[in-house]
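Enquirer: Below are the sequence and a predicted model for it; my questions follow.
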Amino acid sequence: MLITLGIIGVVAAMTLPALINQTHGKELETGLKKAYTVLQAAYNKMTYDEGQIVNNTNYPAHTFMPKFKTYFKISKDCNFESCESDFTDEEGTNRVSQNYKTYNNKKMRNSLLDDGQVFVSDGMFIMVENMTGGKLLLISIDVNGYNKKPNRWGHDLFTFQITDNGKLLPMGAKGTSYDSVNNCSSTSTSTTNGIGFTYKALTDKNYFRNLPK
């Protein structure tokens, strides 16, 4: 009996981590799909109510989020960046996050998250980049909340882009500014590494099984 229990213990030790990772991955996948549905519904409603194409041209710097956030039940409004703020790293060269990391757990640039931030009642955290000069309108969403790990781009933090022709697309899709080839790698030290993986996360059934530790 002791031998049998020992064998069971060894098997459990070998399989339990894999099962935990698989369950965690499934939770993140479900969270992403829910987030996409919620964002798309809010964006469609805003487009209808505003009676015009919602894009960076019609909503210059800092004008998108004040309207967009009215379509959510907000538990906390962080204004532009009072919750996820930036700081300068040791080299003094980059605006990097104190709470978030890149896809492969390196320093993450968060200057693309600083034009409006809100916590919604179901726990998700929405951050917007509403850039005039760079002509970018991005929505990033932490699908399992600011205070719940892993807090990494391409894991639980995903970015969508509102294009000039008024489409809300997962980053990495054709027509978006960051692709999955140059902005997603297990070895890159880029501070935006992982931003382009949203489309792949939504379309590749094995994506969440292969996340790096």
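Expert: Perfect, I can see it now.
Enquirer: helix or strand right after the lowest-mean-pLDDT helix or strand in the chain?
Expert: In the chain, no helix or strand scores lower on mean pLDDT, DSSP states H and E than strand 86-88, which sits at a mean of 61. Next helix or strand after strand 86-88 toward the C-terminus (DSSP states H and E): strand 95-101.
Enquirer: neighbouring contacts of whatever helix or strand comes next after that next one?
Expert: Next helix or strand after strand 95-101 toward the C-terminus (DSSP H and E): strand 107-109. Applying CB atoms under 8 Å, 6 or more residues apart in numbering, the contact partners of strand 107-109 are 89, 94-97, 100-102, 152-153, 191-194. For the C-beta atoms, the positions are set from N, CA and C on the backbone; glycine is no exception.
Enquirer: In PyMOL, how would I select the buried members of the residues you listed?
Expert: The PyMOL selection below is limited to those of the contacts of strand 107-109 classed as buried (16 or more other CB atoms under 10 Å):
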select buried, resi 94+95+96+97+100+101+102+152+153+191+192+193+194
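Enquirer: Please tabulate the contacts of strand 107-109 in TSV and include pLDDT and distance to N130 as additional columns.
Expert: TSV is the format used below for the contacts of strand 107-109 (pLDDT from 0 to 100; distance: CB to CB, whole Å):
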residue	pLDDT	distance to N130
D89	56	24
N94	62	21
R95	72	16
V96	83	20
S97	89	18
Y100	95	19
K101	94	24
T102	95	22
R152	97	23
W153	96	19
T191	88	20
T192	91	17
N193	93	23
G194	94	21
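Enquirer: Redo the contacts of strand 107-109 as TSV? Include distance to Y59.
Expert: Listed next are those as TSV, based on distance: CB to CB, whole Å:
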residue	distance to Y59
D89	31
N94	27
R95	23
V96	27
S97	25
Y100	25
K101	30
T102	28
R152	29
W153	24
T191	26
T192	23
N193	28
G194	26
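Enquirer: so which of the contacts of strand 107-109 comes closest to S82?
Expert: S97 (14.0 Å; CB to CB).
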